[in-house]
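> Output the structure for:
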Amino acid sequence: PAPAGNPTTGAASESRQPQAPPEQMVLLATNLTPSQLREVKKFCANGTTLIASMTPSVTHLLCATAKGADGRHRVKARTVKYFQAILLGVKILSGDWITASLAQGAPVDPGPFLVVGDPAADGGAAAAAAALVSTWVR
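This is a model prediction of the structure:
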């Protein structure tokens, strides 16, 4: 059978799905410096929510990080909030993401700021989140 298309021209029609609204960010911070916390509060002045403890609504955990020899971010300390974020599949970002977003005037791509591990093991945050997501698909 021929693909569905424009009945007049026979051309394939483009499937146009409505765009989802931008994700409403709910931020949680752990182990940030006082200056980073001030930046988070300034960033949240635009309506982004900042909360004090982990809930299922949290979309991003902001952590104090150090870059390894490979240039990737690792948390400085393994906090309870860090482990909760791993278990819930929350995006775990370096606190540097806030600094970059404020400089840009809007949220920047989180990719370069994703945390890849912690002092005990590389890949912890990313591997745990990937493993958790793979169990949801089954």
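> could you pull out the helices for this structure?
Under the criterion DSSP state H, the chain contains helices at 34-43, 80-88, 96-104, 124-137.
> Check the ones you listed for me: which has the lowest mean pLDDT.
Least confident of the helices of the chain, judged by mean pLDDT, is helix 124-137 with a mean of 55.
> center of the protein - which residue?
In the chain, the centroid-proximal residue (CA atoms, centre = their mean) is Lys91; its distance is 3.3 Å.
> Who does the closest residue to that one other than its chain neighbours form a beta bridge with?
In this structure, Lys91 finds its nearest non-sequential neighbour in His60, 4.9 Å apart by CB to CB, 6 or more residues apart in numbering. Glycine gets a C-beta too; all of them are placed from N, C-alpha and C. For His60, the beta-bridge partners under DSSP bridges are Leu27, Lys91.
> burial count for the closest residue to Trp97 other than its chain neighbours?
Excluding the flanking residues, the one nearest Trp97 by CB to CB, 6+ apart is Phe113, at 3.9 Å. By other CB atoms under 10 Å, 24 other residues sit near Phe113.
> Return the residues in contact with Phe113.
By CB atoms under 8 Å, 6 or more residues apart in numbering, the contact set of Phe113 is His73, Leu93, Ser94, Asp96, Trp97, Ala100.
> Most neighbours of all these, which one?
Trp97 (27 neighbours).
> So that residue is in contact with Gln104, correct?
No. The pair Trp97 / Gln104 is not scored as a contact, 10.4 Å apart, by CB atoms under 8 Å.
> re earlier: I'd like the contacts of Phe113 written out as TSV, with distance to Ala66 added.
Listed next are the contacts of Phe113 as TSV, based on distance: CB to CB, whole Å:
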residue	distance to Ala66
His73	8
Leu93	14
Ser94	9
Asp96	11
Trp97	15
Ala100	17
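> Out of the residues you listed, the closest to Ala121 would be?
Each of those was scored against Ala121 by CB to CB, and His73 proved nearest at 14.2 Å.
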